[in-house]
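> I'd like to go over a predicted model; first the sequence, then the structure.
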Amino acid sequence: MGTPLKAEPFLFGDKLYQQCAAKVLPILVRQAHHEQPISYSDLAHEIEMPNPRNLNYVLGSIGQAIEYVKNKWNEDIPLINFLVVNKGSHLPGEGIEEFIPKAGYKALSPKLREELYRYNCLDIFTYPKWESVLHELNLQPLVNDFAPLVKKATSYSHGGGGEGQKHKQLKEYIANNPKIIGLDAKFGKGETERPLPSGDSLDVSFFRYKPHCQWVAAEVKSSISNEDDIYRGIFQCIKYKAVMEAELILQDIKPDVRAILVLEAKLTPKQVEMKNTLGVEVIEGIAPK
């Protein structure tokens, strides 16, 4: 993402990017509480912004608002913007340099950028006064009552769910087309129904050893999967990722593992909130051809 070009703090104006910034900051505070970064595209999706690049001014406005509170309180506040990252690099864009000019972020090597990112994330995750910052800026923290959704996902039954011919077709389509979920052709064809030590099976599994060991699982939900099954799929991805990492660790392999939920349908706004809160990757709107 590019430089946010002198965006103004959102508490002093009603420009569109300032209005968006007032929506985004509580989301970032939620992510900080759950110690979960969020990608530009996932954040844009949650606030229904078509182009993630338009977050430049939004994040700049948030950075300026944080600076305002820092000066008013005369104390350090971590730059919460560090939680917004590129999906490819898993690092913030160069626009972050506006708020850390002494670090020379643009000139840093990828390794040093990662160290700076980790250092700032630790500060963000352990900062105890994010709700006070929101209050200072006349904003309210998000209140997400996911308990009823968790209960529905827990009580879900396979009867009439997303299994069957449509589910099989979607699995085979993903297995034969790794590019659909952002993987290069070097992964080759995926393996379907790959067993895990937990007794579960991965719908689709992609594995390669070079240039380093990478393991990517796809949990697929076809168009006939209902809303509860999609919530269940979010939790399945969390479980599968943990089990996959454990399996590799016991083989003395450094784990580089992803578990992606692949949907033929589109997420509802509440599902977007949940998957961002939990840091689960989702690719939606995939139809077998």
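Looks like it came in fine. Numbering: from 1, shown residues only.
> can you give me the helices for this protein?
Counting by DSSP state H, the chain has helices at residues 16-33, 40-46, 55-73, 110-126, 130-136, 147-154, 165-176, 227-249, 269-278.
> could you say what helices and strands the worst-scoring helix or strand of the chain on mean pLDDT packs with?
Within the chain, confidence by mean pLDDT, DSSP states H and E is lowest for helix 147-154 among all helices and strands, at a mean of 73. Packing contacts for helix 147-154, counted by 3 or more C-beta pairs under 8 Å, 6 or more residues apart in numbering; DSSP states H and E, involve helix 227-249. Using the backbone N, CA and C atoms, a C-beta is placed for each residue, glycine as well.
> Specify the angle between the least confident helix or strand of the chain and helix 269-278 in degrees.
Relative orientation of helix 147-154 versus helix 269-278 (axes from the mean of the first three to the mean of the last three C-alpha atoms, to 10 degrees): 90 degrees.
> Name the residues that touch helix 147-154?
228, 231-232, 234-235, 270, 274 (C-beta atoms under 8 Å, 6 or more residues apart in numbering).
> now those residues in CSV, with neighbour count?
Output for the contacts of helix 147-154, formatted as CSV (neighbours: other C-beta atoms under 10 Å):
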residue, neighbour count
228, 17
231, 23
232, 24
234, 21
235, 17
270, 13
274, 22
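> ok, these vs residue 119, which is closest?
residue 274 (28.9 Å; C-beta to C-beta).
> Please verify my assumption that that closest one contacts residue 231.
Yes. Contact criterion C-beta atoms under 8 Å: residue 274 and residue 231 qualify, at 7.0 Å.
> end-to-end on stretch 201-220?
Separation of the first and last residues of stretch 201-220 by C-alpha to C-alpha, to the nearest Å is 12 Å.
> How many neighbouring residues does the closest residue in space to residue 73 that isn't next to it in sequence have?
Distance criterion C-beta to C-beta, 6 or more residues apart in numbering; nearest residue to residue 73, sequence neighbours excluded, is residue 136 at 7.8 Å. Residue 136: 16 surrounding residues under other C-beta atoms under 10 Å.
> now for the helices of the chain, which one comes closest to residue 210?
helix 227-249 (15.4 Å).
> Can you list the neighbours in contact with the closest one?
Contacts for helix 227-249 (C-beta under 8 Å, 6+ apart): 149-150, 152-153, 155-156, 161-162, 196-198, 200, 202, 213, 215, 217, 219, 221, 225, 254-255, 257-261, 263, 265, 267-268, 271, 274-275, 278, 280-282.
> Pull out the CA atoms of it and give them to me as CSV.
Extracted in CSV, the C-alpha atoms of helix 227-249 (Å, rounded to 0.1, in the frame of the first residue of the first chain):
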residue,chain,number,x,y,z
GLU,A,227,-25.0,-21.1,7.0
ASP,A,228,-24.3,-23.3,10.1
ASP,A,229,-22.0,-25.6,8.1
ILE,A,230,-19.9,-22.6,7.0
TYR,A,231,-19.5,-21.4,10.6
ARG,A,232,-18.4,-25.0,11.4
GLY,A,233,-15.9,-24.8,8.5
ILE,A,234,-14.3,-21.8,10.1
PHE,A,235,-13.6,-23.8,13.2
GLN,A,236,-12.5,-26.8,11.2
CYS,A,237,-9.7,-24.7,9.6
ILE,A,238,-8.5,-23.7,13.1
LYS,A,239,-8.4,-27.3,14.2
TYR,A,240,-6.8,-28.6,11.0
LYS,A,241,-4.0,-26.0,11.1
ALA,A,242,-3.1,-26.9,14.6
VAL,A,243,-3.0,-30.6,13.9
MET,A,244,-1.0,-30.2,10.7
GLU,A,245,1.6,-28.1,12.6
ALA,A,246,1.8,-30.7,15.3
GLU,A,247,2.3,-33.5,12.7
LEU,A,248,5.2,-31.7,11.1
ILE,A,249,6.8,-30.7,14.4
